[in-house]
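1. next comes the sequence, and after it the predicted model I'd like to discuss.
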Amino acid sequence: MNEFDMRMKERARREDCPIPEGFDRRMDAALEQLPQTAPRRGRRFYRIVAAAAVLCVLATAAGAVGAALRQTRVHFFQDEEELLAAMEEDKS
């Protein structure tokens, strides 16, 4: 609890705040008039589903990119000897 919270609690303890006559009755009546709704699923469920969908799309895209890169690889040299020979030619 920070200093502000402590000051507010102390101030609330010191101040006299009388509750108006009939407040409880009016509050109960107002609460009874509210429509009864079934508990809804929170947004958390939808966020989890959306995150799972995004991960599926990213995994599929990464797999497709990896496959495309493997197929389009260019081989300039058949083995290390050809590479070394080309490097020697380049030096001269």
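-> Ah, there it is.
2. domains of the chain?
-> The chain breaks down by automatic domain parsing into domains covering 3-33, 43-91.
3. will you turn these into a markdown table that also has mean pLDDT?
-> Below are those laid out as a markdown table (pLDDT from 0 to 100):
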| stretch | mean pLDDT |
| --- | --- |
| domain 3-33 | 89 |
| domain 43-91 | 86 |
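4. format those domains as TSV; extra columns: mean neighbour count.
-> For glycine as for every other residue, the C-beta is placed from the backbone atoms N, C-alpha and C. Formatted as TSV, these follow (neighbours: other CB atoms under 10 Å):
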stretch	mean neighbour count
domain 3-33	9
domain 43-91	9
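5. what's the end-to-end length of stretch 33-53?
-> 41 Å (CA to CA, to the nearest Å).
6. ah, wrong one, I meant stretch 60-79
-> Termini of stretch 60-79 sit 33 Å apart (CA to CA).
7. centre of the chain to it, how far?
-> The chain centre lies 32 Å from the centre of stretch 60-79; the measure is CA atoms, centre = their mean, to the nearest Å.
8. and what of stretch 12-32?
-> Distance of stretch 12-32 from the chain centroid (CA atoms, centre = their mean) equals 40 Å.
9. ends of it, how far apart?
-> Start-to-end, stretch 12-32 (CA to CA) is 29 Å.
10. and if you look at stretch 69-84?
-> 25 Å.
11. so how far is residue 45 from residue 23?
-> Distance of residue 23 to residue 45, given as CB to CB, to the nearest Å: 38 Å.
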